[in-house]
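Asker: 3D model of this:
(2 chains)
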Amino acid sequence: SQQGEEDPQALSIQEGENATMNCSYKTSINNLQWYRQNSGRGLVHLILIRSNEREKHSGRLRVTLDTSKKSSSLLITASRAADTASYFCATDAPGGSEKLVFGKGTKLTVNP
Amino acid sequence: NAGVTQTPKFQVLKTGQSMTLQCAQDMNHEYMSWYRQDPGMGLRLIHYSVGAGITDQGEVPNGYNVSRSTTEDFPLRLLSAAPSQTSVYFCASSRTGFLYNSPLHFGNGTRLTVT
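Answerer: All right, here's what the predicted structure looks like:
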């Protein structure tokens, strides 16, 4: 059962533009995490935001969390061709922090 | 530092065959897990382990067995392969099972085709 759902499914932008991806989830969470997957590779952790946090930054990444709307957004500023990848949100599953449930991902293409 | 190592990278099986996908981590992580990734389905949790000797089922455990006899290794066994098990399999580990506190580290995957 999917907990997080990313939106949009695919996004194509030009280098230098900002990219925004959204994630909605269904039940209360302890934390929400964002991961990146380059084609043919494993996922790489980007950022973790706890339920009592509203915003976190890491380099060109900005993540927000709105627990009242059960949603999160990932903003990549000044995108580069190397940011081309799929981005996934993940939340702890209902009933247990030992299971991380992933959404279906947003495929981001950054055109040079 | 190798991180999470999965072998093999590619495998083709015939229906009914069995095999073991290997996963090893050298970070002394307590938590290890297996996911499968299918087009349009995202990642789905198969089995996980919070420490040596302890395993539990995830979202899609049927047709798969796991064991955790050491901290480092977490093999995934396909008992009788079926075409529905064609997928990319990822092993991931974390420092603890409290995943709200420690992120997952992923291997590079095993691409399995069952004919």
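Asker: Can you mark which positions in stretch A:71-78 are buried?
Answerer: Of the residues in stretch A:71-78, those scored as buried under the neighbour-count criterion (16 or more other C-beta atoms under 10 Å in any protein chain shown) are A:Ser71, A:Ser72, A:Ser73, A:Leu74, A:Ile76. C-betas here are computed from N, CA, C, even on glycine.
Asker: ok, the last one touching A:Leu61?
Answerer: Yes - taking contacts as C-beta atoms under 8 Å, A:Ile76 lies within contact range of A:Leu61: 6.1 Å.
Asker: Would you state the strands of the chain in chain order?
Answerer: With no chain named, the answer covers chain A. A:4-7, A:10-14, A:19-25, A:31-37, A:43-50, A:55-58, A:61-66, A:71-76, A:85-93, A:96-102, A:106-111 (DSSP state E).
Asker: That was the other one, I meant chain B.
Answerer: With DSSP E as the criterion, chain B has strands spanning B:4-7, B:10-13, B:19-25, B:31-38, B:42-51, B:54-57, B:64-66, B:76-78, B:87-94, B:105-106, B:110-114.
Asker: Up against chain A, what does chain B have?
Answerer: Applying C-beta under 8 Å from any C-beta of the partner chain, one finds that chain B approaches chain A through B:4, B:31, B:33, B:35, B:40-45, B:48, B:50, B:56, B:58-59, B:90, B:92, B:97-101, B:103-109.
Asker: Tell me the confidence at B:Ser102?
Answerer: Each residue has a pLDDT score; the one for B:Ser102 is 84.
Asker: excluding its backbone neighbours, what's nearest it?
Answerer: Setting aside the residues directly before and after it, B:Ser102 is nearest to B:Arg95 in space (C-beta to C-beta, 6 or more residues apart in numbering or on different chains), at 4.2 Å.
Asker: mind checking how far the one you found is from A:Thr84?
Answerer: As judged by C-beta to C-beta, to the nearest Å, B:Arg95 and A:Thr84 stand 30 Å apart.
Asker: Relative to chain A, how far out is the closest residue to B:Gly53 other than its chain neighbours?
Answerer: In space, B:Gly53 comes closest to B:Arg68 once its chain neighbours are excluded; the distance is 6.3 Å by C-beta to C-beta, 6+ apart. Counting by C-beta to the nearest C-beta, to the nearest Å, the separation of B:Arg68 from chain A is 13 Å.
Asker: List the residues that contact B:Arg68.
Answerer: B:Met32, B:Ser49, B:Gly51, B:Ala52, B:Gly53, B:Ile54, B:Thr55, B:Phe74 (C-beta atoms under 8 Å, 6 or more residues apart in numbering or on different chains).
Asker: Confirm for me that B:Leu114 is in contact with B:Gly63.
Answerer: Rather than Leu, residue B:114 is Val. No - with contacts defined as C-beta under 8 Å, B:Val114 does not count as touching B:Gly63, sitting 10.5 Å away.
Asker: okay, and the common contacts of these two?
Answerer: B:Ala82, B:Gln85.
Asker: higher neighbour count, those two?
Answerer: When B:Val114 and B:Gly63 are compared for neighbours, B:Val114 comes out ahead with 19 against 14, by other C-beta atoms under 10 Å in any protein chain shown.
Asker: Excluding covalently adjacent residues, which one is nearest to the more buried one?
Answerer: The shortest distance from B:Val114 to any residue that is not its chain neighbour, by C-beta to C-beta, 6+ apart, is 4.5 Å, and that residue is B:Ala81.
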